[in-house]
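Participant: Sequence first, predicted coordinates after that:
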Amino acid sequence: MSPSCMLSIPLMSVMPVMPVMAATSMALLQNALIVGAILFALGLIGILTRRNLIVMFLSAELMLQGISVSLVAWSRHHGDWGGQVLVIFVLTVAACEAAVALVFVLQAFARTGRLDAAAWQSLRESNIARSVDHELPASDAVAQVWPQLSPAGILPEADADETLEREHV
Amino acid sequence: MNPALPELSPGMLLAGAVTAAAASLWLLLPRGSESRAASRLGLLLGALALAGFIATGRRLGGIGEEAVFLIVSLVAVVSGAATIVTRSPVYSAIWFALALFGVAGVLLVLGAQFLGVATVVVYAGAILVMFLFVLMLAQPAGLASYDRVSSEPLLSAVAGAVLLGLLTLSIGRLSAEPAACCAVPARSAMLASDAATAADSGATPAAPAAAGAVVADILAADHVARLGGELFGRHLLAVEVAGVLLLVSLIGAIAVVTRGEAALEADRRESLGRAVR
């Protein structure tokens, strides 16, 4: 995160060889491109390393945000609408992708009961070793304290159908 | 900026802002005895201090835009990092919403007003809420084990850092050799020169007027109108294709979710079998 802030200063000191207007435009372009690159790299790391399917999709959206920032920065630099129009289509495709992907995530959750990407490792190539969690933390270091309500009233009767419904959700 | 305080010098304004910031932090920090009024006063003082800092920046001239860019990009990057490191996926989604607000701020600073607003409305308003819905539907109680363990965190962090370094290198080269990278002239300039040649040959008398209308000043006052004109003029076919894509994904999502009577019956039989076992 620091390059974005620090880079502006050396760039501004390099700039005076250029006209003032171009200098500020170029500095803004580079700063925005670096912000976009950082967001893209963060999303890449997230999608590579996180195992929760939903967090993986959030990381993909983060990469799209980085791309959007870069496109708009180039659009501003060149005085051209193309970048901004492309970002609008990126938004559209992201909405479609999120809808379809979430449907598949829900289906995957219905099959395995987990949002874990490693739950699907039986689909891997035959020559790739199975990934096993070697050091699974027993529980979180900080135990979460949830608010507790004192029980009151009558316990409702258990619904017989409910267990069957829950079974395949 | 404020007509009531035209005679305050930037130095005094800055001193006041610094004092307010220090007092607000002192009030907000935990000091043993908590009181609601003190924390409220602290928040108020903090807002005052921020306003004072912004006003000072404007009074000193020129650093307003850069300061705003710095703040919003910091918000975007820090909450983007928090999105991928937070254990709980719900918190991760909420950090992503904050990152979206930072990105929207960056887009606003870059002059893309419509996109800044659209990012917040479409992403934070619609897509993120959909993510949260699915999380609420699918999240098991407590933190799952797969949220506390990542796969190959060291390798992927190194890969991301190397990618970021390479990108930064190539971005830094942009300013070193401006002739190589920025040789592409603005499209408006090209259009204007095209129009000029067309007008010289006398082919289309209407061309100069059209070129004048298309001169794409990104920072024009009627920004949204021009963006709409570009979108529905030059990119009309793409808009139609995007509409078809939205429709197809809508139908596809519905078709995947509702799998028909036969599949439902098979599911019921399977779950019954499991219950019996």
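Facilitator: Structure received. Residues are numbered from 1 along each chain as shown, chains lettered A, B, ... in the order given.

Participant: where are the low-confidence patches of chain B?
Facilitator: Along chain B, the parts satisfying pLDDT under 70 run over B:1-8, B:31-34, B:57-64, B:139-142, B:177-216, B:259-261, B:275-277.

Participant: At the geometric centre of it, which residue do we find?
Facilitator: Most central in chain B under CA atoms, centre = their mean is B:Val103, positioned 2.2 Å from the mean C-alpha point.

Participant: Repeat that for chain A.
Facilitator: Central residue of chain A (CA atoms, centre = their mean): A:Ser59, at 1.7 Å.

Participant: Identify the residue nearest it in space, chain neighbours excluded?
Facilitator: A:Gly46 (3.0 Å; CB to CB, 6 or more residues apart in numbering or on different chains). In short, each C-beta sits where N, CA and C put it, glycine included.

Participant: in the host helix or strand of that neighbour, what's buried?
Facilitator: A:Gly46 is part of helix A:20-49 when elements are defined by DSSP states H and E. In terms of neighbour count (16 or more other CB atoms under 10 Å in any protein chain shown), helix A:20-49 has its buried residues at A:23-49.

Participant: Please pull up the helix or strand immediately following it.
Facilitator: According to DSSP H and E, the helix or strand after helix A:20-49 is helix A:53-78.

Participant: and the helix or strand that comes right after that next one, which residues are buried?
Facilitator: Towards the C-terminus, the helix or strand next in line after helix A:53-78, according to DSSP H and E, is helix A:82-112. Residues A:82-92, A:94-103, A:105-106, A:108-109 are the ones in helix A:82-112 that count as buried (16+ other CB under 10 Å).

Participant: do stretch B:107-121 as well
Facilitator: Result for stretch B:107-121 [16+ other CB under 10 Å]: buried residues B:Leu107, B:Leu108, B:Val109, B:Leu110, B:Gly111, B:Ala112, B:Phe114, B:Leu115, B:Gly116, B:Ala118, B:Thr119, B:Val120.

Participant: now the helix holding A:Gly46, how far from the centre of its chain.
Facilitator: 17 Å (CA atoms, centre = their mean, to the nearest Å).

Participant: Could you do stretch B:74-94 as well?
Facilitator: With CA atoms, centre = their mean, you get 14 Å for stretch B:74-94.

Participant: for the residue nearest to A:Ser59, what are its contacts?
Facilitator: A:Val55, A:Met56, A:Leu58, A:Ser59, A:Leu62, B:Thr83, B:Ile84 (CB atoms under 8 Å, 6 or more residues apart in numbering or on different chains).

Participant: swap the cut-off to 10 Å and go again
Facilitator: By CB atoms under 10 Å, 6 or more residues apart in numbering or on different chains, the residues touching A:Gly46 are A:52, A:55-63, B:80-81, B:83-85, B:92, B:96, B:150, B:156, B:160.

Participant: just to revisit the earlier point, if we check chain B, which of the buried residues of helix A:82-112 are in contact?
Facilitator: A:82-92, A:94-103, A:105-106, A:108-109 (CB under 10 Å from any CB of the partner chain).

Participant: Quick check: A:Val105 touching B:Phe133?
Facilitator: No - counting by CB atoms under 10 Å, A:Val105 sits too far from B:Phe133 to count as a contact (11.3 Å).

Participant: Who are the contact partners of the closest residue to A:Gly83 other than its chain neighbours?
Facilitator: Leaving aside its sequence neighbours, A:Gly83 sits nearest to A:Ser75 (CB to CB, 6+ apart; 2.9 Å). Neighbouring residues of A:Ser75 by CB under 10 Å, 6+ apart: A:81-87, B:110-112, B:115, B:216, B:218.

Participant: Can I get those residues in a markdown table including distance to A:Asp161?
Facilitator: Compiled in a markdown table, these are given as follows (distance: CB to CB, whole Å):
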| residue | distance to A:Asp161 |
| --- | --- |
| A:Trp81 | 57 |
| A:Gly82 | 56 |
| A:Gly83 | 55 |
| A:Gln84 | 53 |
| A:Val85 | 52 |
| A:Leu86 | 51 |
| A:Val87 | 48 |
| B:Leu110 | 55 |
| B:Gly111 | 58 |
| B:Ala112 | 53 |
| B:Leu115 | 49 |
| B:Ala216 | 62 |
| B:Ile218 | 60 |
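
Participant: distance of B:Ala67 from B:Ala55?
Facilitator: 11 Å (CB to CB, to the nearest Å).

Participant: Neighbour count for these two, which is higher?
Facilitator: Shown here are B:Ala67 and B:Ala55; by other CB atoms under 10 Å in any protein chain shown, B:Ala55 has more neighbours (20 against 15).

Participant: hang on, the more buried one packs against B:Ala20?
Facilitator: No - the criterion here is CB under 10 Å, and B:Ala55 misses it with B:Ala20 at 11.8 Å.

Participant: got any residues that touch both of these two?
Facilitator: In contact with both B:Ala55 and B:Ala20: no residue, using CB under 10 Å, 6+ apart.
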